[in-house]
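Return atomic coordinates for the entry below.
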Amino acid sequence: MTIVYNHDIVGQYDRINRAIFETLHSASAGTVAYSEADITRQEQYTSDLLSKHDHIMGEPELDLPETHPRPYELRPTPTVVHVENDGSNDLVRLYELTRDELINCQSARTSSSLASFDADRFENSVKKIQHEIDYIKEVQPIDLPESIPKEPLKGSGRKGV
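Coordinates of the predicted model:
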């Protein structure tokens, strides 16, 4: 069980976990090539993270003397499995690093917002993910006839509600 005290971090944590789950269960995860639709989704995930980050940093830090510290128990992280697509595996590792740095930063103990150094660290991590997406667009697909398939298909995402 992981606890943070910053409600803004909880929202970003949930967004990153969703991106990890979506990455692992995307159609591209089971192949050596990234589909255009999955690339677009990856770009949307990182754009959402940075837009929310800008929103968080554009708001004043809240003074909450009556309600802080309020502990927020974080939901369990998605189960990470190795998938066929190396780009997906690389993205998942970067998402995990970004998430874990965020929930363990000094700002996780404040009520809201991020200290400038934590904000810079988060923003740079997400930009690194964006650069990885750009790299994937440049180099995939790669013909790997001797080593593919290496992993069983992981199945589709959640069904229904």
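
The residue lying farthest from the centre of the chain sits in which helix or strand?
No residue in the chain sits farther from the centre than Glu66, which is 31.9 Å out by C-alpha atoms, centre = their mean. In the assignment (DSSP states H and E), Glu66 maps to no helix and no strand.

Report pLDDT for it.
Per-residue pLDDT puts Glu66 at 95.

That one and Thr77, how far apart?
Distance, Glu66 to Thr77, using C-beta to C-beta, to the nearest Å: 31 Å. Quick note: C-beta positions are derived from backbone N, CA and C, even for glycine.

With Tyr95 instead?
For Tyr95, the distance to Thr77 - C-beta to C-beta - is 10 Å.

Neighbour count: those two, which is higher?
Neighbours per residue, other C-beta atoms under 10 Å: of Tyr95 and Thr77, the larger number sits with Tyr95, 28 against 16.

mind checking the SS state of that one?
helix (DSSP: H, G, I helix; E, B strand; the rest coil).

ranges for the strands of this protein?
For the chain, the strands defined by DSSP state E cover 3-4, 72-73.

distance between the first one and the chain's centre?
Here strand 3-4 shows a centroid-to-chain-centroid distance of 18 Å under the convention C-alpha atoms, centre = their mean, to the nearest Å.

how many other residues sit next to Glu146?
Here the number of neighbours of Glu146 (other C-beta under 10 Å) works out to 5.

who wins for proximity to Glu61 among the strands of the chain?
Glu61 sits nearest to strand 3-4 of all the strands of the chain, at 15.2 Å, using C-beta to C-beta.

For the residue farthest from the centre of the chain, give me phi and psi.
When quoted as degrees, to the nearest 10, the phi and psi of Glu66 stand at phi -90, psi -20.
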